[in-house]
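J.: sequence and predicted model, in that order:
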Amino acid sequence: MSPHSRSRQAVDMATGHVVQLEIFGEDDAQKKKQSVRYDWNPNPGRHANLAKALMQKVWDKDSGYDQNDRDILGFYIAHSPEGTEPLRMTFKEISGKLGVSQPKVSKSVGKLNTGGLLLMAEQIARIKFYRINPRAAFDGPAVAQVEAVKDARFPVVPAPEKAKAPTRARKQAATAHKEAKAS
């Protein structure tokens, strides 16, 4: 029998010794494929894995997210570093790139964070840095995304309603109620 034949015996039947450790040659599971990066000209670079069904809901007119929110989300998807690293840009820098006011960036990031599309990753003094939720979009290998979503909350569409600030009448009623309890 040819030594390269797939039908040869793996064990010597007379002695019980293993003669062939690799029955079918190299184990396909142990072969490491070389990672390949996309390089499509004229715009080569990294590509993100997006949750298309979620993005369709976000872009729907009844999603609760407005055009600024979608622009900010798109900016985070396009500019975020690989993996679960936060986008280390201030709201001032983002507003300069997009041509919108800093308060609009802040409001949109707050809404996207409340809805779980952006997650706060770190805070340095008063500056907060956010990252894209890996359940919404991820730049990196699938194995890393599976690990990243383990502790990520689920994004919410339609956008959660912001709690309304108490009006003067509500504040006065609450104060009167506290005073009545105290006496």
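T.: Right, received. Where do you want to start? Residues are numbered from 1 along each chain as shown.
J.: please state the offset of the lengthiest helix in the chain from the chain centre?
T.: With residue count as the measure and DSSP state H as the assignment, the chain has helix 168-182 as its longest helix. Per C-alpha atoms, centre = their mean, to the nearest Å, the displacement of helix 168-182 from the mean C-alpha position of its chain is 43 Å.
J.: tell me the confidence at the residue nearest the centre of the chain?
T.: Closest residue to the average C-alpha location of the chain: Pro134 at 1.9 Å, with C-alpha atoms, centre = their mean. According to the model's per-residue confidence, Pro134 sits at a pLDDT of 95.
J.: show the backbone phi and psi for it.
T.: Recorded main-chain torsions at Pro134 are phi -70, psi -10, according to degrees, to the nearest 10.
J.: next, the contact list for it, please.
T.: The neighbours of Pro134, taking C-beta atoms under 8 Å, 6 or more residues apart in numbering as the test, are Thr84, Gln145, Ala148, Val149, Ala152. Any C-beta I mention is one placed from the backbone N, CA and C, and that applies to glycine too.
J.: picking that back up, and the longest helix of the chain, C-alpha only, in PDB?
T.: In PDB, the C-alpha atoms belonging to helix 168-182 read as follows (Å, rounded to 0.1, in the frame of the first residue of the first chain):
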ATOM      1  CA  ARG A 168     -41.900  75.000  38.100                       C
ATOM      2  CA  ALA A 169     -45.400  73.700  39.100                       C
ATOM      3  CA  ARG A 170     -44.100  70.200  39.700                       C
ATOM      4  CA  LYS A 171     -41.200  71.500  41.700                       C
ATOM      5  CA  GLN A 172     -43.500  73.600  43.900                       C
ATOM      6  CA  ALA A 173     -45.900  70.600  44.400                       C
ATOM      7  CA  ALA A 174     -43.000  68.400  45.300                       C
ATOM      8  CA  THR A 175     -41.700  71.000  47.800                       C
ATOM      9  CA  ALA A 176     -45.100  71.400  49.300                       C
ATOM     10  CA  HIS A 177     -45.500  67.600  49.600                       C
ATOM     11  CA  LYS A 178     -42.100  67.300  51.400                       C
ATOM     12  CA  GLU A 179     -43.100  70.200  53.800                       C
ATOM     13  CA  ALA A 180     -46.400  68.500  54.500                       C
ATOM     14  CA  LYS A 181     -44.600  65.200  55.300                       C
ATOM     15  CA  ALA A 182     -42.100  67.000  57.600                       C
END
